[in-house]
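S.K.: Any chance you can model this:
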Amino acid sequence: MAGGDFEARMEHLIASTGVGVLRAEVIVDQVYAKYQELRDDLELHGGGQHHYTRDALFDQVPRIMEYLASRMLTPEGCELKDAVAEVARMLVTGVWERAPFEFGDLKASGAAHAYDDGAEYLNEPPGVHRLSKEELRAKGDLRRLGLGHVRDEDLEEQLGALG
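M.R.: Presented below is the predicted three-dimensional model:
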């Protein structure tokens with residue numbers, strides 16, 4: 001290969017891949033999401049696990065890296081930006097598979113986001129909106145009727161975080 005061909009191809013590669021930072025994330029927007037994520041002492045009724053967001057990423061790192069590598073250079077050019085968006089969707093699926101079930105709202109609260117140099121280019125809404133104080137109180141009432149489990153002081157702490 002002639003030097004000029006290599007340089008031209010490298011310039012094309014740089015132009016098609018860009019130089020900014022691509023970032024994928026999943027946001028689980030429930031007032032109790034972090035509480036459920038980090039508290040290893042909680043009983044998880046209905047299945048699921050603690051550290052459901054962390055493990056959604058860690059368990060898939062080899063698959064994610066392989067996927068990103070396969071999309072870096074394709075016959076059509078670089079498809080890395082689309083691949084990062086798909087990684088965000090993979091993380092949402094991972095949250096769905098791992099989050100505590102109880103009423104199902106936490107599992108369905110993952111929203112996929114992707115950014116190119118800080119500019120958001122993917123914003124997929126969650127399957128369940130952020131629950132209001134009234135909806136959280138209704139869940140507490142259902143738990144007290146034996147349809148779930150939470151200590152009253154923990155529920156009040158979560159409601160207090162809403163302001």
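S.K.: Longest helix in this protein, by number of residues?
M.R.: helix 80-98 (DSSP state H).
S.K.: Give me the residues contacting the following helix or strand past it.
M.R.: Of the helices and strands lying after helix 80-98 in sequence (DSSP states H and E), the nearest is strand 110-116. By Cβ atoms under 8 Å, 6 or more residues apart in numbering, the residues outside strand 110-116 that reach it are 18, 20-29, 81, 84-85, 87-89, 91-92, 95-96, 99, 120-127. (C-beta placed from N, C-alpha, C; glycine too.)
S.K.: can you pull the buried residues of stretch 39-46?
M.R.: Going by neighbour count (16 or more other Cβ atoms under 10 Å), the buried part of stretch 39-46 is residue 44.
S.K.: For residue 104, which non-adjacent residue is spatially closest?
M.R.: residue 128 (7.6 Å; Cβ to Cβ, 6 or more residues apart in numbering).
S.K.: And the one you found, its phi and psi?
M.R.: phi -130, psi 130 (degrees, to the nearest 10).
S.K.: which residues does it contact?
M.R.: Here residue 128 is in contact with 104-105, 108-109 (Cβ under 8 Å, 6+ apart).
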